[in-house]
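Chemist: The following block contains a protein sequence and its predicted model.
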Amino acid sequence: MVVTRNIVLLLLSITFVAPIVLYTDRFGTFKYPFAEQEFIDAVTAFVSAADSGHLNLLPQETSTVFKEPIGLVYTEDAANTKNLLHGLHFAKPGEHVSARVLSATKDEGQTKGENPIKLVTDGINQGNQNSYLVKADITGDSVNGEDAIDVDDNDGKLAKSSDASDLASETMDTKQEQQHIKSSSQVTQKGSKLSEADKHIDQTPPDARVRYLKDQLIQVRVYLSLQAVRNNPHLTRELRLRVKEVSRTLGDASKDSDLPRNANERMKAMEQTLMKGRQIQNDCAAAVKKLRAMLHSTEEQLHVHKKQTLFLTQLTAKTLPKGLHCLPLRLTTEYYSLNTSQQQLPNQQKLENPRLYHYAIFSDNILATAVVVNSTVAHAKDTSNHVFHIVTDRLNYAAMRMWFLVNPPKKATIQVQNIEDFTWLNSSYSPVLKQLGSPSMVDFYFKTHRASSDSNLKFRNPKYLSILNHLRFYLPEIFPKLNKVLFLDDDIVVQKDLTGLWSIDLKGNVNGAVETCGERFHRFDRYLNFSNPHIAKNFDPRACGWAYGMNVFDLVQWKRQNITEVYHNWQKLNHDRQLWKLGTLPPGLITFWKRTFQLNRSWHVLGLGYNPNINQKEIERAAVIHYNGNMKPWLEISFPKFRGYWTKYVDYDLVYLRECNINP
């Protein structure tokens, strides 16, 4: 029995060592992690132990060692040998090695379970020692099942002839070359993709350093608010010094290119100082608490500043510049120095001719009215057919007349009327006039404690107190002999000939206007109170609004449909401002509900007084551009890029404008 056991162990030892001995020339090209002599000594000791019967390998242990061999990859490419060896893993004595090597796998990565020793021995070429063992490369390709040669597991003998071994070796060589070429191409493709990704990542924002410097300032303020840092006077002085340096470096810079050359040095110096602060203050909870307090305080300050900005913007919009106050005073003085005959405007016989093109402008702003007239006349084909009816208040009546006496608009006809002369317009006839003069309305505008309670300050603009703003609802009374009138606001600029508007068939409607559904807030529910039953049962909250500022009014249909009375009825219902706030657009939407004809959008473009993002091409194509909003073109708060459309119709060399220091 002892002899038989020793023979079996010897055969097993030979079977284990045989592949290593056969491939000695291959191993010679590698640098092992242990000395060659140590390896030979270890093998010799192993064989001696087997011969002497002291090596006891259980069948289960033997099977495990043979099924999970050490992961070695062989290749002919000597240049890659060193790199491949970095991935080699030699099992330590007693270590259970688990590796999917020297075994063929399917494309899905499933192991076919072939005996690795058989794969080695079946690949032996008796006449040539240069056959290879192939393992799947890093691209995920695996050895094809046809290249794995089976052997008999029971006796361990060769199952294929030497010819078959040669053929298998050549096939494996060819496949490895193909895999090498494929791997190289894939690596190249991956490299190019990674390069593109790196380029994309390298595209840093143009204000990266500016943001970082601002973040550093925030960190410094946090540290300066912490007790541990305040107790260190030296660090406190250094932090404050860094704040001054970085603040001067930042200045008004909005992008990195605006920063001075020493920005990087200041940034590094600040970082070093912040590191000192981190070393002193290690209590993160205190820092977090302080940051939350600062965030809350900042949000409150932001809210206050927003309210202040809104108030100041509204105040600026209500206030005329000093030059525009000076202008009517100078013109009024000149007007009353003229005799009666010199005060008369020419061509007054055309005022009631219905065959001409009539415009209605209601304004107390002389310069704005002049721009409307000048821009309209500049694009008219025959200026003699255009008649401008201007209605203003008593304070500006003389000045308005004097302006057009001195600056006649070519052959166009100008009429200037004083609203005080409209004796029919009184509180007994007009409900809105009665409301505007009521104590509650005056209190609504001039009591500051009440004004602060209203979130929408724009409805508190005193222009709504002026009856000039409501004259548009009395056009048939003002022009009893005219059939059609084009109403123009004083904050518009005409860029094309408008005569085509008189030939548009309004199809029985009273008002011709451009709809504003494209605007996110120009729908009925943004102007009217739909919680009120009078509004809810009569109107659609999602109905499209339309624009005031350039409107064609058919006065014949107006009289036929008794529009003024409709307006009066709704004004009476809104005596307590429960249907809408103030202004003329909400009552206009109600009065002309289902009586408005939609004009092409190119006739009228709005928003130049509040929206800086209007498309430039849309502005250029428009017949009329409208500066609705607070940023009027005659105010300093207007958008500079839109101001030029207005200023080009003002002659700033006129003596009155120079004397009042009115500049573009």
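Modeler: Cool, got the structure.

Chemist: make it CA atoms for all contacts and neighbour counts henceforth
Modeler: OK.

Chemist: pLDDT score for G71?
Modeler: If you check G71, the pLDDT there is 41.

Chemist: sorry, that was for T236
Modeler: Looking at T236, its pLDDT is 90.

Chemist: Look up how far F553 lies from it.
Modeler: Using Cα to Cα, to the nearest Å, T236 is found at 72 Å from F553.

Chemist: who has more neighbours, those two?
Modeler: Neighbour count, other Cα atoms under 10 Å: between T236 and F553, F553 has more, with 24 against 18.

Chemist: residue contacts, that one?
Modeler: K484, V485, L486, F487, V510, N511, G512 (Cα atoms under 8 Å, 6 or more residues apart in numbering).

Chemist: same check, this time on A286
Modeler: L226.

Chemist: again, but for the one 4 residues further on
Modeler: Contacts of K290 were listed using Cα under 8 Å, 6+ apart, and they are V222, S225, L226.

Chemist: Which single one of these is nearest to Q216?
Modeler: Ranked by distance to Q216 (Cα to Cα), the contacts of K290 are led by V222 at 9.9 Å.

Chemist: how close does that closest one sit to V288?
Modeler: 9 Å.

Chemist: which one of these two has more residues nearby?
Modeler: Set side by side, V222 and V288 show more neighbours around V222, with 16 against 12, by other Cα under 10 Å.

Chemist: pLDDT score assigned to the more buried one?
Modeler: Confidence at V222, expressed as pLDDT, is 81.

Chemist: if we can go back for a sec, of the contacts of F553, closest to T298?
Modeler: Nearest to T298, judged by Cα to Cα, of these is F487 at 47.3 Å.

Chemist: can you tell me how far the closest one sits from Q616?
Modeler: 25 Å.

Chemist: Of these two, which one has the most company?
Modeler: Between F487 and Q616, F487 has the larger neighbour count (other Cα under 10 Å), namely 20 against 10.

Chemist: thinking again about what came up before, adding secondary structure and distance to G583, write the contacts of K290 out as TSV.
Modeler: Shown next, in TSV, are these (DSSP: H, G, I helix; E, B strand; the rest coil; distance: Cα to Cα, whole Å):
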residue	secondary structure	distance to G583
V222	helix	48
S225	helix	50
L226	coil	53
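
Chemist: Show me which of those residues is closest to K537.
Modeler: The nearest member of the contacts of K290 to K537, counting by Cα to Cα, is V222 at 57.4 Å.

Chemist: So that closest one is in contact with L291, correct?
Modeler: Yes - counting by Cα atoms under 8 Å, V222 touches L291, with 6.9 Å between them.

Chemist: Low-confidence bits of the stretch 401-550 of the chain, can you list those?
Modeler: Along the stretch 401-550 of the chain, the parts satisfying pLDDT under 70 run over 441-465, 518-521.

Chemist: which residues of it fall in strands?
Modeler: Taking DSSP state E, counting those that start in this stretch, the strands of the stretch 401-550 of the chain run over residues 413-418, 484-488, 492-494, 511-513, 550-554.

Chemist: And L635, how far from L324?
Modeler: 10 Å.

Chemist: what bridges to Q415?
Modeler: Beta-bridge partners recorded for Q415 (DSSP bridges): H389.

Chemist: need the contact list for it.
Modeler: L345, Q348, L351, V387, F388, H389, I390.

Chemist: ok, the third one touching N385?
Modeler: No - using Cα under 8 Å, L351 is not in contact with N385, being 10.6 Å away.

Chemist: higher neighbour count, those two?
Modeler: For L351 versus N385, neighbours defined as other Cα under 10 Å are more numerous around L351 (20 against 17).

Chemist: So which of L635 and L324 has more stuff around it?
Modeler: L324 (19 against 15).

Chemist: any idea how far that one lies from I366?
Modeler: Applying Cα to Cα to L324 and I366 gives a distance of 8 Å.

Chemist: any chance of the contacts of K290 in a markdown table, plus distance to T313?
Modeler: Supplementary listing: the contacts of K290 in a markdown table, determined by distance: Cα to Cα, whole Å:
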| residue | distance to T313 |
| --- | --- |
| V222 | 33 |
| S225 | 35 |
| L226 | 38 |
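
Chemist: Any regions of the chain where pLDDT drops low?
Modeler: The chain contains residues with pLDDT under 70 at 1-2, 13, 16-203, 281-283, 318, 441-465, 518-521.

Chemist: quick one, domains of it?
Modeler: Annotated domains of the chain cover 207-318, 322-449+457-660 [the TED database].

Chemist: May I see those domains organised as a markdown table, with distance to I14 added?
Modeler: Below are the domains of the chain laid out as a markdown table (distance: least, Cα to Cα, whole Å):
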| stretch | distance to I14 |
| --- | --- |
| domain 207-318 | 66 |
| domain 322-449+457-660 | 86 |
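
Chemist: Most tightly packed of the ones you listed?
Modeler: Highest mean neighbour count of the domains of the chain: domain 322-449+457-660, a mean of 17 (counted as mean count of other Cα atoms under 10 Å).

Chemist: returning to what we had before: can you tell me which of the contacts of F553 lies closest to E245?
Modeler: F487 (58.7 Å).

Chemist: residues in contact with the closest one?
Modeler: Y359, A360, I361, R472, G549, M550, N551, V552, F553.

Chemist: go with 7 Å
Modeler: Applying Cα atoms under 7 Å, 6 or more residues apart in numbering to F487 gives the contacts Y359, A360, I361, G549, M550, N551, V552.

Chemist: so how far is P233 from K290?
Modeler: Distance, K290 to P233, using Cα to Cα: 20 Å.

Chemist: Setting aside sequence-adjacent positions, which residue approaches L585 most closely?
Modeler: Excluding its sequence neighbours, the residue lying closest to L585 (Cα to Cα, 6 or more residues apart in numbering) is Y548, at 6.9 Å.

Chemist: next one: Y223
Modeler: Closest residue in space to Y223, ignoring its immediate chain neighbours: V229 at 6.2 Å, by Cα to Cα, 6+ apart.

Chemist: Test my guess that that neighbour contacts R221.
Modeler: No - with contact defined as Cα atoms under 7 Å, V229 does not reach R221; the gap is 10.8 Å.

Chemist: Find the residues that touch each one of those two.
Modeler: With Cα under 7 Å, 6+ apart applied, the contact sets of V229 and R221 do not overlap.

Chemist: Am I right that the residue nearest to Y223 sits in a strand?
Modeler: No - the assignment for V229, made by DSSP: H, G, I helix; E, B strand; the rest coil, is helix rather than a strand.

Chemist: thinking again about what came up before, ok, of the contacts of Q415, which one's closest to Q272?
Modeler: Among the contacts of Q415, I390 lies closest to Q272 (Cα to Cα), at 70.1 Å.

Chemist: if I look at the closest one, how far off is G549?
Modeler: From I390 to G549 the distance is 15 Å (Cα to Cα).

Chemist: likewise G588?
Modeler: Per Cα to Cα, G588 is found 12 Å from G549.

Chemist: Burial check on T204, number of neighbours?
Modeler: 10.

Chemist: what secondary structure does it sit in?
Modeler: coil.
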